[in-house]
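J.: A structural model of the following input is requested.
(2 chains)
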Amino acid sequence: DAGVIQSPRHEVTEMGQEVTLRCKPISGHDYLFWYRQTMMRGLELLIYFNNNVPIDDSGMPEDRFSAKMPNASFSTLKIQPSEPRDSAVYFCASSFSGVQQFFGPGTRLTVL
Amino acid sequence: KQEVTQIPAALSVPEGENLVLNCSFTDSAIYNLQWFRQDPGKGLTSLLLIQSSQREQTSGRLNASLDKSSGRSTLYIAASQPGDSATYLCAVRPSNTGNQFYFGTGTSLTVIP
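T.: From the prediction side, this is the model:
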């Protein structure tokens, strides 16, 4: 398996633009997690899905953030409109039965 | 809410030294605990996973222990090498709040040749 795949790896955009981050989990995994990592706050859980259903989105910072998982092999995290304070590395992780998480390489987002 | 603390935030040791990284958590009701490694600019790599019923796990030069009652876990690295230089994070999965993982802020390790 290729592991968790994220795209794009780097994204630079201007304030106010819509940003869409993509994730393909490991085949057969039933949990998918979205994290954000910054120097100031460390690694924060934003939302996680089980069998494509959002279970806990309490970590989503505000209404500008939304996440979907239309099927078992694809998820998106959307920010609209983006702001400079959203600049961070966004990680997607997947696991089987929520036991051991496997992380993707991350998307480094810069909002100017 | 579970809080996870890692001390020290940074550690520098000479090559060949044995070292211990610490992780503490506030709620002992955990399902499992996981240690990760993160290289600069990279994602996280899972190192060891300890279930709540286990006391320790070993993989090569790494040994992780778990003491639920005291809310502590340690990661022991034997005979450290420059390639071990990275940030090490521990993550706790509580047993009563779904499948979230709570991460510590990490310990940045530098092994000096």
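
J.: can you count the residues close to residue B:19?
T.: Other residues near residue B:19 come to 16 when the count uses other Cβ atoms under 10 Å in any protein chain shown. To be clear about C-beta, it is placed using only N, CA and C from the backbone, and glycine gets the same treatment.

J.: make that residue B:58, sorry
T.: Residue B:58 has 12 neighbours, counted by other Cβ under 10 Å.

J.: got it, and residue B:66?
T.: Using other Cβ under 10 Å, residue B:66 has 23 other residues around it.

J.: tell me which helix or strand it sits in.
T.: Assigned by DSSP states H and E, residue B:66 belongs to strand B:62-67.

J.: for that strand, buried residues please.
T.: Within strand B:62-67, the residues that count as buried by 16 or more other Cβ atoms under 10 Å in any protein chain shown are B:62-66.

J.: A strand includes residue A:37, no?
T.: Yes - Residue A:37: assigned to a strand according to DSSP: H, G, I helix; E, B strand; the rest coil.

J.: and it, how far is that from residue A:92?
T.: Taking Cβ to Cβ, to the nearest Å as the measure, residue A:37 falls 12 Å from residue A:92.

J.: got it, and residue B:64?
T.: Taken as Cβ to Cβ, the span from residue B:64 to residue A:92 is 25 Å.

J.: assign residue B:53 to helix, strand or coil.
T.: Following three-state DSSP, residue B:53 is assigned to coil.

J.: neighbours around it, how many?
T.: Neighbour number of residue B:53 under other Cβ under 10 Å is 9.

J.: for it, give me its contacts.
T.: If you count contacts by Cβ atoms under 8 Å, 6 or more residues apart in numbering or on different chains, residue B:53 has none.

J.: which ones are touching residue 30?
T.: Since you didn't name a chain, this refers to chain A. When contacts are counted by Cβ under 8 Å, 6+ apart, residue A:30 touches A:50-51, A:72, A:95-97.

J.: switch to chain B, please.
T.: By Cβ under 8 Å, 6+ apart, the residues touching residue B:30 are B:2, B:52, B:68, B:92-95.

J.: of all pairs in the buried residues of strand B:62-67, which one is the farthest apart?
T.: Using Cβ to Cβ, the two most remote members of the buried residues of strand B:62-67 are B:62 and B:66, lying 13.7 Å apart.

J.: flag the shaky bits of the chain, pLDDT-wise.
T.: Going with chain A. A:1, A:98 (pLDDT under 70).

J.: hmm, no, I was thinking of chain B.
T.: B:97-99.

J.: the same query, at a cut-off of 90, please.
T.: Flagging of chain B using pLDDT under 90 yields the residue ranges B:1-2, B:31-32, B:40-43, B:46, B:49, B:51, B:93-102, B:105.

J.: show me the strands in it, by range?
T.: B:4-7, B:10-14, B:19-25, B:30-38, B:44-51, B:56-59, B:62-67, B:72-77, B:86-94, B:102-103, B:107-112 (DSSP state E).

J.: JSON lines for the ones you listed, including distance to residue A:82?
T.: Converted to JSON lines, the strands of chain B look like this (distance: least, Cβ to Cβ, whole Å):
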{"stretch": "strand B:4-7", "distance to residue A:82": "29"}
{"stretch": "strand B:10-14", "distance to residue A:82": "32"}
{"stretch": "strand B:19-25", "distance to residue A:82": "34"}
{"stretch": "strand B:30-38", "distance to residue A:82": "25"}
{"stretch": "strand B:44-51", "distance to residue A:82": "24"}
{"stretch": "strand B:56-59", "distance to residue A:82": "40"}
{"stretch": "strand B:62-67", "distance to residue A:82": "38"}
{"stretch": "strand B:72-77", "distance to residue A:82": "37"}
{"stretch": "strand B:86-94", "distance to residue A:82": "27"}
{"stretch": "strand B:102-103", "distance to residue A:82": "24"}
{"stretch": "strand B:107-112", "distance to residue A:82": "29"}
